[in-house]
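**Student:** The following block contains a protein sequence and its predicted model.
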Amino acid sequence: MLFCIYASQNPPAVKSRILILSAMAGWLVSLTTTAQIGFHRGFIINNDHEKIDCEISNYGSENSSMDYYYRLSRNDTARHIDIRHVEAFGVGDKRFFRARVLLEISPANITVDTAPPLKWDERFVFVQLLFDGELGSLYEFNDNGVSYFFLGLPDQPIEPLVYKKYFVKLTPNEPSSILENHLFREQLRKKLFCPSLAGELDKLAYTRKQLIAYFKDYHECKNAGYKILTRVTRAKWNFKASFLFNRSTFQIDDTQDFTGQIDLGPAHTVSGGLEIEYLIPHNKYKLSLFAEANYYYRHSTLHNPVTSETTTVHFQYMEFPAGLNYYFILHDRHKLFVRAGIVPGFYTGDSYASLYNDANRIDLNMVTSVFLGAGYRFNRVSLEYRYYTRQNQMQNIYRYNSTHTRMAFVLKFSFWEPGG
């Protein structure tokens with residue numbers, strides 16, 4: 001190999017990586033705009049009280065009852081479940097009913113230190129039955145990420161369980177304080193109360209998990225029958241083994257002897273690692289946090305037969321990428337994802353560059369980088385394209401600079417399928 005001297009950076013390589021990332025981003029957008037979250041067997045009940053078997057899918061957020069679609073067969077066009085024509089529907093263990101409800105709509109940001117009067121909007125919505133009990137049932141309606149809960153007593157219309165959080169800002173220069181209205185606790189104290197639950201009720205939070213638990217405890221206290229119709233979502237963990245197929249370049253600037261760059265050319269290596277992923281229990285586990293531990297190395301030597309000079313670059317390190325991952329659900333077992341993270345690390349052995357001869361040896365510096373990735377996951381297997389930002393591992397070294405670029409295809413295997 002010969003020394004390759006350039007007068008500037010290598011723009012074609014940079015442009016090619018940008019084109020790859022742009023193409024993958026466009027591919028992700030085009031797929032996700034037409035993708036369907038998996039259809040499951042279900043039913044709808046129309047205004048004539050006819051039950052129609054069909055397949056149902058949720059196109060919205062995890063709990064949004066207004067963004068469900070149905071189709072009569074696999075080849076049928078998906079149609080929105082219209083509240084004007086459907087009085088109830090079900091899919092899996094979920095049941096939804098059309099109901100006329102009151103929704104509290106007063107502003108959350110206020111400039112007084114006492115709660116203003118509540119404001120109500122009456123409308124028809126689909127409410128989800130969470131808890132079906134002999135003495136009382138619990139319903140939920142989710143609107144743009146805000147949950148409203150409702151109490152249903154036997155032979156009575158459902159009524160809102162009232163909770164309101166206010167953000168109080170008295171003057172522009174003061175931080176906001178929080179004011180909460182826990183009226184729902186008094187409602188339950190009057191209508192679903194057992195003396196042994198007084199302490200639980202005083203601390204009861206306005207969440208699906210805690211409200212279901214309270215309704216359950218109340219029915220068990222009264223020896224009454226009940227059925228929980230939905231599972232409370234919980235965080236999930238995933239552990240993966242990784243194989244990284246790396247392609248890197250390394251270029252050196254000697255600002256005193258050269259006007260250009262010494263290009264050590266591309267190098268291809270295979271390395272491995274482990275990942276732990278925390279799947280956030282919201283919106284079908286689409287968002288997750290991850291942390292990895294990967295091994296990476298490079299060894300390159302350039303020899304100039306004319307001058308008999310040899311340049312060597314050698315480094316090996318452990319990197320610890322950590323960041324955010326977002327899944328686009330195509331089907332229960334098919335997902336696209338994008339991820340980004342910061343990549344700190346440390347050298348695990350000799351890491352140096354020897355320029356022209358072994359005696360001119362320079363220790364390299366570990367540099368934190370950032371990566372962007374996109375890929376496809378099927379069940380427990382995923383394939384990802386990952387691009388790392390440039391590293392200057394000779395920074396702060398007199399007369400020298402370097403440019404280390406890297407991309408990788410990452411093949412991962414989950415130790416188990418976490419679901420979601």
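**Tutor:** That came through fine. Quantities reported herein were computed from a predicted structural model and do not represent experimental measurements.

**Student:** Give me the neighbour count for the spatially closest residue to F39 that is not a sequence neighbour.
**Tutor:** Distances taken as Cβ to Cβ, 6 or more residues apart in numbering place E55 nearest to F39, at 3.9 Å, with adjacent residues excluded. Glycine gets a C-beta too; all of them are placed from N, C-alpha and C. Neighbours of E55 under the rule other Cβ atoms under 10 Å: 19.

**Student:** same question, H303
**Tutor:** Neighbourhood size, H303 [other Cβ under 10 Å]: 14.

**Student:** S73 versus that one, what's the distance?
**Tutor:** 68 Å (Cβ to Cβ, to the nearest Å).

**Student:** Also S369?
**Tutor:** The gap separating S369 from S73 is 50 Å, by Cβ to Cβ.

**Student:** Identify the residues contacting the residue nearest the centre of the chain.
**Tutor:** Centroid check for the chain by Cα atoms, centre = their mean gives L287 as the closest residue, at 1.1 Å. Residues near L287 by Cβ atoms under 8 Å, 6 or more residues apart in numbering: L279, I280, L324, N325, Y326, Y327.

**Student:** Among those residues, show me the least confident.
**Tutor:** Lowest in pLDDT among the contacts of L287 is I280, which has 88.

**Student:** Run a quick check on that one versus N325, I expect a contact.
**Tutor:** No. At 9.8 Å, I280 does not count as touching N325 under the criterion of Cβ atoms under 8 Å.

**Student:** Compare these two (neighbour count), which wins?
**Tutor:** More crowded of I280 and N325, by other Cβ under 10 Å: N325, with 23 against 16.

**Student:** so which strand or helix has the more buried one?
**Tutor:** Element membership of N325, judged by DSSP states H and E, is strand 322-329.

**Student:** helices or strands next to that strand in the packing?
**Tutor:** Applying 3 or more Cβ pairs under 8 Å, 6 or more residues apart in numbering; DSSP states H and E, we find strand 322-329 packed against helix 11-34, strand 287-304, strand 334-343.

**Student:** before we move on, what SS does H282 have?
**Tutor:** In three-state terms, and counting by DSSP: H, G, I helix; E, B strand; the rest coil, H282 is coil.

**Student:** how much space is there between it and R386?
**Tutor:** H282 sits 26 Å away from R386, going by Cβ to Cβ.

**Student:** more crowded one of the two?
**Tutor:** Neighbour tally, H282 and R386, criterion other Cβ under 10 Å: the higher count belongs to R386, 21 against 14.

**Student:** Wait, a strand at the more buried one?
**Tutor:** Yes. Assigned with three-state DSSP, R386 falls within a strand.

**Student:** is it true that the residue nearest to F39 touches G42?
**Tutor:** Yes. The pair E55 / G42 is scored as a contact, 6.6 Å apart, by Cβ under 8 Å.

**Student:** Send me the strand or helix carrying G265 as PDB with only the CA atoms.
**Tutor:** Assigned by DSSP H and E, G265 falls within strand 261-279. Taking C-alpha atoms only, strand 261-279 is exported to PDB below (Å, rounded to 0.1, in the frame of the first residue of the first chain):
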ATOM      1  CA  GLN A 261      -3.800  13.600   4.800                       C
ATOM      2  CA  ILE A 262      -2.300  10.200   5.200                       C
ATOM      3  CA  ASP A 263      -5.100   7.800   4.400                       C
ATOM      4  CA  LEU A 264      -4.800   4.400   6.000                       C
ATOM      5  CA  GLY A 265      -7.800   3.200   4.000                       C
ATOM      6  CA  PRO A 266     -10.900   1.300   5.000                       C
ATOM      7  CA  ALA A 267     -10.800  -1.500   7.500                       C
ATOM      8  CA  HIS A 268     -13.400  -4.200   8.100                       C
ATOM      9  CA  THR A 269     -13.700  -5.800  11.500                       C
ATOM     10  CA  VAL A 270     -16.200  -8.000  13.400                       C
ATOM     11  CA  SER A 271     -16.800  -7.400  17.100                       C
ATOM     12  CA  GLY A 272     -19.500  -8.200  19.700                       C
ATOM     13  CA  GLY A 273     -21.300  -6.900  22.700                       C
ATOM     14  CA  LEU A 274     -24.300  -7.000  25.000                       C
ATOM     15  CA  GLU A 275     -27.300  -4.700  25.300                       C
ATOM     16  CA  ILE A 276     -29.900  -4.200  28.100                       C
ATOM     17  CA  GLU A 277     -33.200  -2.500  27.000                       C
ATOM     18  CA  TYR A 278     -35.900  -0.900  29.200                       C
ATOM     19  CA  LEU A 279     -39.200  -0.900  27.400                       C
END
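
**Student:** Any stretches of the stretch 201-350 of the chain with poor pLDDT?
**Tutor:** Within the stretch 201-350 of the chain, the stretches with pLDDT under 70 are 232-233, 255-260, 306-307, 331-332.

**Student:** which residues of the stretch 1-150 of the chain fall in strands?
**Tutor:** Taking DSSP state E, counting those that start in this stretch to define them, one finds strands in the stretch 1-150 of the chain at 40-46, 51-58, 68-71, 79-80, 86-91, 94-104, 109-110, 120-133, 137-143, 146-152.

**Student:** Report the inter-axis angle for the strand holding G265 versus strand 334-343.
**Tutor:** Taking axes from the mean of the first three to the mean of the last three Cα atoms, to 10 degrees, one finds that strand 261-279 is oriented at 120 degrees with respect to strand 334-343.

**Student:** in its sheet, what does strand 261-279 sit against?
**Tutor:** Using DSSP bridges, strand 261-279 pairs in its sheet with strand 236-254 (antiparallel), strand 287-304 (antiparallel).

**Student:** re earlier: check contacts around the residue nearest to F39.
**Tutor:** F39, H40, R41, G42, Y70, R71, L72, S73, R74.

**Student:** Show the contacting residues for the second one.
**Tutor:** I take that to be H40. H40 sits next to E55, I56, S57, V91, G92 when contact means Cβ under 8 Å, 6+ apart.

**Student:** If we use 10 Å, what do you get?
**Tutor:** H40 makes contacts with E55, I56, S57, N58, V91, G92, K94, D332, as judged by Cβ atoms under 10 Å, 6 or more residues apart in numbering.

**Student:** Which positions in stretch 359-366 come out as buried?
**Tutor:** I362, L364 (16 or more other Cβ atoms under 10 Å).
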